[in-house]
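Novice: generate a structure from the sequence data that follows.
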Amino acid sequence: MLKYAIIFALISLVAGALGFTGVAAGTAGIAKILFVLFLVLAVIFVVLAAIGVGAAHKALK
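Specialist: Next up, the predicted model:
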C-alpha cells in the first residue's frame, strides 16, 4: 500500500510539473488516503504484535 501511495505521489508531482493541475490534485488526494490507511494498518499490527496476539503465541500456550 505504501508503494502505491509513493507511485501516486510521483504521478502527482509529474502532472503538476507538466501543468495538469486537475490530475495532480486527484492523484495527490489518492496518495494521501493510501498513506493514512497504511499508517493506520501499521499501527494496528504493531499494537497487536506488542500484546502478543498471533498464531505463534497461541501455539506455545
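Novice: every contact and neighbour count from this point should use C-alpha atoms.
Specialist: OK.
Novice: please, where are all the strands along this protein?
Specialist: If DSSP state E is used as the criterion, the chain turns out to lack strands entirely.
Novice: in the helix ranked longest in the chain, what counts as buried?
Specialist: Selection of the longest helix in the chain by residue count, based on DSSP state H, yields helix 21-51. Going by neighbour count (16 or more other CA atoms under 10 Å), the buried part of helix 21-51 is 23, 24, 25, 27, 28, 29, 30, 31, 34, 35, 38.
Novice: so which elements touch it?
Specialist: The contact analysis (3 or more CA pairs under 8 Å, 6 or more residues apart in numbering; DSSP states H and E) places helix 21-51 against helix 2-18.
Novice: just want the angle from the helix it packs on to helix 21-51.
Specialist: Between helix 2-18 and helix 21-51, the angle formed by their directions is 160 degrees, by axes from the mean of the first three to the mean of the last three CA atoms, to 10 degrees.
Novice: contacting residues around helix 2-18?
Specialist: With CA atoms under 8 Å, 6 or more residues apart in numbering as the test, helix 2-18 has contacts from 21, 23-28, 30-32, 34-35, 38.
Novice: about what we covered before: check the offset of the longest helix of the chain from the chain's centre.
Specialist: 3 Å (CA atoms, centre = their mean, to the nearest Å).
Novice: tell me the mean pLDDT for that helix?
Specialist: Helix 21-51 shows a mean pLDDT of 92.
Novice: please report the distance of residue 19 from residue 26.
Specialist: According to CA to CA, to the nearest Å, residue 19 stands 13 Å off from residue 26.
Novice: give me the number of residues near the closest residue to residue 25 other than its chain neighbours?
Specialist: Distance criterion CA to CA, 6 or more residues apart in numbering; nearest residue to residue 25, sequence neighbours excluded, is residue 12 at 7.0 Å. Counted with other CA atoms under 10 Å, the burial measure for residue 12 works out to 24 neighbours.
Novice: residues contacting residue 45?
Specialist: If you count contacts by CA under 8 Å, 6+ apart, residue 45 has none.
Novice: how far away is it from residue 51?
Specialist: Computed as CA to CA, the residue 45 to residue 51 distance reads 10 Å.
Novice: and residue 17, by the same measure?
Specialist: If you go by CA to CA, the gap between residue 17 and residue 51 works out to 46 Å.
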